[in-house]
Every structure is written in structure tokens, then in C-alpha cells.
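[1] Next one to model:
(one chain, ligands or ions: 2)
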Amino acid sequence: MYPIHPPAYALEVLSGLEEAGFSAWFVGGCVRDSLLGRTPADWDIATSARPEQTAACFPLLPAVTAGEKHGTEGIVICGRVVEATTYRVDGDYTGHRRPEQVTFTARLEEDLARRDFTINAMAWHPEKGLVDCFGGLEDLSQGRVRCVGEPIRRFEEDALRILRCLRFGAVLGFSVEEETGRAALACRELLGDISGQRIREELTKLLAGPGAVQVIRAYAPIFFSALPELEALSRCAQESPYHCYDCWEHTLHAVDAVPPEPVLRWAALLHDCGKPLVKSFGPDGWAHFWGHARESVRLAKGLMERLRFSNQEAEAVAELIECHGEPLPLPEKRVKRLLARLGEEGLFRLLELMRGDVSAQAPALREKRLALLKEAEDLARDILRRGDCLGLPGLAVKGNDLIGLGYVPGKPLGQALNTLLEEVLSGELQNERPPLLARARRAAERVGREPTNQYVGPRPKLMDRA
Ligand code: ATP
Ligand code: MG
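    Ligands and ions are numbered 1, 2, ... in the order given. Just a heads-up that it's a prediction; the model follows:
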């Protein structure tokens, strides 16, 4: 195990509390991560001081009092927040969620006993060393997540711990101790009491972990309780020359093959969830999944709404799912359209998702398709390097140019510009003023010949192809 080196600002809070006569220890994630040689996200302290006493120890520093009810006082120091939480035992748990009421205690050991897993239930002090009442160090060195106390009871108290357990397994690459794993499976239906937001937060961290897929595979029923939209994948075979796995194994391989970034991992997890709903068999006897991307988007949108994804994240995931089945090869005009639609970051993410998808398909097709995806990526880089027009700001004519041709400001003008853009993206028109203006003039003249007294200028259908 690695030595623990708290940063100076965290040590300052610890000694500030001690100088005022309180006891104080570093606890939880910072001890766990330090011992593993990982950089802790934050340095939490457990202390005998009550929240108001903690604040009084640092009269010159701002305090954040959001968690006061649970005994937590945040001290803002060097631009960071160090949370000091009074030693406590949890009150009654209702609805399988964290307790409303907590009771303060004078004993560190009692505080450690209410913590979820042995690896999270250690305390450390620069002079006094490690306090490890539940075998956390041994579990850390064995790479094991184990509940403090009786697992079933701990999961019944707070069902979020079921997902936290799998999350630590995925992020740290740990196994779940047997009894803890059995209890997590047995209690999985309690996840119904946990808010969508907390489920999303845990699963997002889990999905980004290096051990995500092993954990999801081993504890699939828990995932199906949290995300029922995925369950049918596990019963859906893919009788097709393109595939070597059933839908669920294919999904897991795809998740594993995309970079561990939240939007991409969620998109990979959900990209085929609509397949079981559209499965059919062709005259060739193979299974087909026509329209599965659209169906997957529909299910994924419902799931993401329930899990309170931000609109921006949900939109990014949905767009990737919708486009993941783009036929290969991707011709230049298709790459341009996708760049115009998804933006640079979105297109490269899509290519990553498609690469993950292909890597999870039958080996015979893999190499060829991966090569086609590489070509699409090179094409996209060329297009970006050349600075080709990908949107209205890059179009060689502007609204004023069309007004000069007799177009009226408003919707028809916008439509006309968009039609020009479409034709530039598809390669029908060069992005140069003379051909664009000629095209717009031709369309205006054609409409001019049509009888109308409603529009001074071109009509909305102006640029429809004759
Ligand atoms: P990270 O910050 O990397 O997510 P962490 O272990 O610090 O991991 P936090 O959610 O910050 O996790 O919680 C801090 C500590 O509080 C944990 O290490 C654990 O001791 C305790 N804890 C957190 N949530 C629970 C819970 N639901 N039940 C019991 N103890 C918990
Ligand atoms: Mg933490």
C-alpha cells in the first residue's frame, strides 16, 4: 500500500480542529484512494466537533453549511472545500434511503461502523496512523468490496449502496465479496425507491470504470432492475452473419470497446435497446432489426428522462444512437452532413461508437469495417483542415445577398439559405458566390412566373426541386 500524503490545506483544517481541543481524522474515500496510490477527489474529515464548533475554529475562512443537518460543515480553504463531519450514527432509515435524522457520538469507531464498505470505513491521522476496525486494509489489498456488517441489512437501510458497491468494483477493478454480492442481488428490487438522479450519478461513474463490463455482466439482474429497458436484450439472439453474440453480449462488448467517457458509454449501453422490439426474420432465415435505431432512441429518451439527464446530455446520447447505424462506407457528402449535424466533437464520438459497435460484431467483418471507419475519420479531418462550409456561417452568400435578389426577410429567406447549404453539403453546388447566386436567382425567377399576390418575394416552397 502507498503512504498517505494529505495536501497542506487539508492538514491545516485537521490541526485547526485539534488545536481547539477536538479530535479529527481523515476518513473514507481519501484514505482508500491514497492507500491505492490514486489521487483522492476530496479530503473528508471526521471530527468530535459539532458543525458550529467547526466553523468557529476557522473564523477567517468561509464556511459552507449545506450538510449541517447531517453534521457536515465545509471549510473553504485555498479554493477547495474540506468537509468536516461530526462523528455520528445514523437514525432510522425509511424507504430504503439515507436517514433523515442522525445522532452525534463521541466515538470515531461508531462513526466508521455506519459507513458502507470496509474499504471506505478507515480513518487515518498523520501521527496516530490508521484505524481499521473492519478489515478494510486487507480487503483493499485483496481488491474486494465488502459491506461493513451484515450485507442484507446494510442494503435494506439504503439501497443506493447496491449501486455504490458495483461502482467501486467497476472503478477500482475490484471483485465484490461473495456474501455482499449475493445480498446486492437479493435486494435489487429496492432500487425502485432510489431517485433517478442518484441512480444516474452512480451508473455514470460505474460506466466510466475500467471494470465496468465485468461488473455489469456479473450483476446483470441488478442493472435490469435499475434500467428495465435493457432486460429484453438478454433474451434476444442475433441469427445473422453480422453477429457472433446475442444482443446483450454485443452491447457489453460495445461498451467495453468505446472510450470511458460518460456520453459514449451511455450511448453504447443503450444503442441497441430497441432491437428486441423490431426483430423479424427475412426469407433468408436471418434475423433483421429494421428501424432499431429509432426504437432505441425512443426507449433511451424515456430512460434518460427518468434518470434526470440534462437536456444537453440526453440529446448528445440520443443523436449518437440515432446515427450509429450509418451504412459504410461513409461518402464525403455524408461525412459533411454528419459534421454539420453533430459538430466536430459529436462526429468523432459517433465514429468511436461505430468502432465499438463494429468491434462487437462478427470477426469476419470487423477488419474491413474498421478500415472504412478509419477512412471516414481521415475524410472528416481533411474536411475540417480545408475549412469546408458546414453551416450557414460558412456559406459564401448571406441573407443580404438574397434580399438583393428580391427575397423577403423572414422564413422563406431562411429556407432559401438552408436549401443552398444543403446543396453545398451534398456537393451539388460549389460554395462560391457565382453559382450560389445563380441558383438563388433561377429559383426566384421560377417562382416569379407563378401567379401569386400573397408574397412580394419568393414563396416558402421557393427552392423545392422542380
Ligand atoms: P468518491 O468521492 O470517489 O465518490 P467516496 O468514498 O469519497 O468516493 P462519498 O460519496 O464522497 O464517497 O462518501 C464519503 C464517505 O462517506 C464514503 O467513503 C463512505 O465512508 C461514506 N458513505 C457515503 N455514502 C454512503 C452510504 N450511502 N452509506 C454509508 N456510507 C456512505
Ligand atoms: Mg468523496
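
[2] Can you report how many residues lie near residue 414?
    As a burial measure, residue 414 scores 15 neighbours (other C-beta atoms under 10 Å). Quick note: C-beta positions are derived from backbone N, CA and C, even for glycine.

[3] list the helices and strands whatever helix or strand it lives in packs on?
    For residue 414, the enclosing helix or strand under DSSP states H and E is helix 411-425. Contact here means 3 or more C-beta pairs under 8 Å, 6 or more residues apart in numbering; DSSP states H and E; on that basis helix 411-425 packs against helix 332-359, helix 399-404, helix 433-449.

[4] helices or strands up against the shortest one?
    Which is helix 399-404. Helices and strands touching helix 399-404, by 3+ C-beta pairs under 8 Å, 6+ apart, are helix 411-425, helix 433-449.

[5] sorry, back to before: check the average confidence over the helix holding residue 414, would you?
    Rounded to a whole number, the mean pLDDT of helix 411-425 is 90.

[6] Helix 433-449 and that helix, what's the angle between them?
    140 degrees (axes from the mean of the first three to the mean of the last three C-alpha atoms, to 10 degrees).

[7] Can I get helix 411-425 in PDB, CA atoms only?
    Provided in PDB are the C-alpha atoms of helix 411-425 (Å, rounded to 0.1, in the frame of the first residue of the first chain):
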ATOM      1  CA  LYS A 411     -39.000  32.400 -43.100                       C
ATOM      2  CA  PRO A 412     -38.800  32.000 -46.900                       C
ATOM      3  CA  LEU A 413     -35.400  33.700 -46.900                       C
ATOM      4  CA  GLY A 414     -34.100  31.300 -44.200                       C
ATOM      5  CA  GLN A 415     -35.400  28.300 -46.100                       C
ATOM      6  CA  ALA A 416     -33.700  29.500 -49.300                       C
ATOM      7  CA  LEU A 417     -30.400  29.800 -47.400                       C
ATOM      8  CA  ASN A 418     -30.800  26.400 -45.900                       C
ATOM      9  CA  THR A 419     -31.500  24.800 -49.300                       C
ATOM     10  CA  LEU A 420     -28.300  26.400 -50.700                       C
ATOM     11  CA  LEU A 421     -26.500  25.000 -47.700                       C
ATOM     12  CA  GLU A 422     -28.000  21.500 -48.200                       C
ATOM     13  CA  GLU A 423     -26.900  21.600 -51.900                       C
ATOM     14  CA  VAL A 424     -23.400  22.700 -50.900                       C
ATOM     15  CA  LEU A 425     -23.100  19.900 -48.300                       C
END
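
[8] Which positions in that helix come out as buried?
    Of the residues in helix 411-425, 412, 413, 415, 416, 417, 419, 420, 421, 423, 424, 425 count as buried by neighbour count, 16 or more other C-beta atoms under 10 Å.

[9] Same question for stretch 130-150.
    130-132, 134-137, 139-140, 144-149.

[10] ok so, going back, quick check: of the buried residues of helix 411-425, which lies closest to ligand 1?
    Nearest to ligand 1 among the buried residues of helix 411-425 is residue 425, at 43.9 Å by C-beta to the nearest ligand atom.

[11] who's in contact with the nearest residue to that closest one once chain neighbours are set aside?
    Computed as C-beta to C-beta, 6 or more residues apart in numbering, the closest residue to residue 425 that is not its neighbour in sequence is residue 336, at 4.9 Å. Contact analysis of residue 336 by C-beta atoms under 8 Å, 6 or more residues apart in numbering lists 383, 388, 390, 425, 426, 427.

[12] one step back: let me know which of the helices and strands packed on helix 411-425 is tucked in deepest.
    Mean neighbour count (mean count of other C-beta atoms under 10 Å) peaks for helix 332-359 among the helices and strands packed on helix 411-425, with a mean of 20.

[13] Where does the prediction get shaky in the stretch 151-300 of the chain?
    Within the stretch 151-300 of the chain, not a single segment meets pLDDT under 70.

[14] Quick one: the strands in it, in order.
    For the stretch 151-300 of the chain, the strands defined by DSSP state E, counting those that start in this stretch occupy 175-176, 280-281, 287-288.

[15] what comes into contact with the last one?
    With C-beta under 8 Å, 6+ apart as the test, strand 287-288 has contacts from 237, 238, 239, 240, 279, 280, 281, 282.

[16] Counting neighbours, which of these comes out on top?
    Ranking the contacts of strand 287-288 using other C-beta under 10 Å puts residue 238 first, with 22 neighbours.

[17] Return the member of the contacts of residue 336 nearest to ligand 1.
    Using C-beta to the nearest ligand atom, residue 390 comes nearest to ligand 1 of the contacts of residue 336, at 39.1 Å.

[18] residues in contact with the closest one?
    Listed by C-beta under 8 Å, 6+ apart, the contact partners of residue 390 are 336, 339, 340, 383, 425.

[19] could you redo these as JSON lines and give each row distance to residue 105?
    Output for the contacts of residue 390, formatted as JSON lines (distance: C-beta to C-beta, whole Å):
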{"residue": "336", "distance to residue 105": "65"}
{"residue": "339", "distance to residue 105": "59"}
{"residue": "340", "distance to residue 105": "61"}
{"residue": "383", "distance to residue 105": "64"}
{"residue": "425", "distance to residue 105": "66"}
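
[20] Residue 40 contacts residue 30, correct?
    Yes - using C-beta atoms under 8 Å, residue 40 makes contact with residue 30 at a distance of 3.9 Å.

[21] Which one of the two is surrounded by more residues?
    Using other C-beta under 10 Å as the criterion, residue 40 and residue 30 rank with residue 30 on top: 24 against 19.

[22] one step back: so which of the contacts of strand 287-288 reach ligand 1?
    Counting by C-beta under 6 Å from any ligand atom, nothing from those sits close to ligand 1.

[23] okay, now residue 162: neighbour count?
    That count, for residue 162 with other C-beta under 10 Å as the rule, works out to 28.

[24] I'd say it and residue 222 touch.
    Yes - counting by C-beta under 8 Å, residue 222 is a contact partner of residue 162 at 6.2 Å.

[25] list the residues that contact both of those two?
    The contact sets of residue 162 and residue 222 overlap at 184, 188, 191 (C-beta under 8 Å, 6+ apart).

[26] Helix or strand for residue 364, just tell me which one.
    Going by DSSP H and E, residue 364 is part of helix 363-386.

[27] what distance separates that helix from the centre of its chain?
    The chain centroid and the centroid of helix 363-386 are separated by 25 Å under C-alpha atoms, centre = their mean, to the nearest Å.

[28] and that helix, what does it pack onto?
    Other elements packing on helix 363-386 under the criterion 3+ C-beta pairs under 8 Å, 6+ apart are helix 332-359.

[29] So which bits of the protein are right by ligand 1?
    Contacts of the chain with ligand 1, taken as C-beta under 6 Å from any ligand atom, map to 28, 29, 41, 44, 98, 115, 116, 120, 121, 158, 160, 161.

[30] Please indicate which of those has the highest neighbour count?
    Ranked by the number of neighbours (other C-beta under 10 Å), those place residue 121 first, at 28 neighbours.

[31] Please name the residues that touch the closest residue to ligand 1 within the stretch 201-350 of the chain.
    Ligand 1 sits closest to residue 205 of the stretch 201-350 of the chain, with a gap of 6.7 Å, by C-beta to the nearest ligand atom. Listed by C-beta under 8 Å, 6+ apart, the contact set of residue 205 reads 167, 170, 171.
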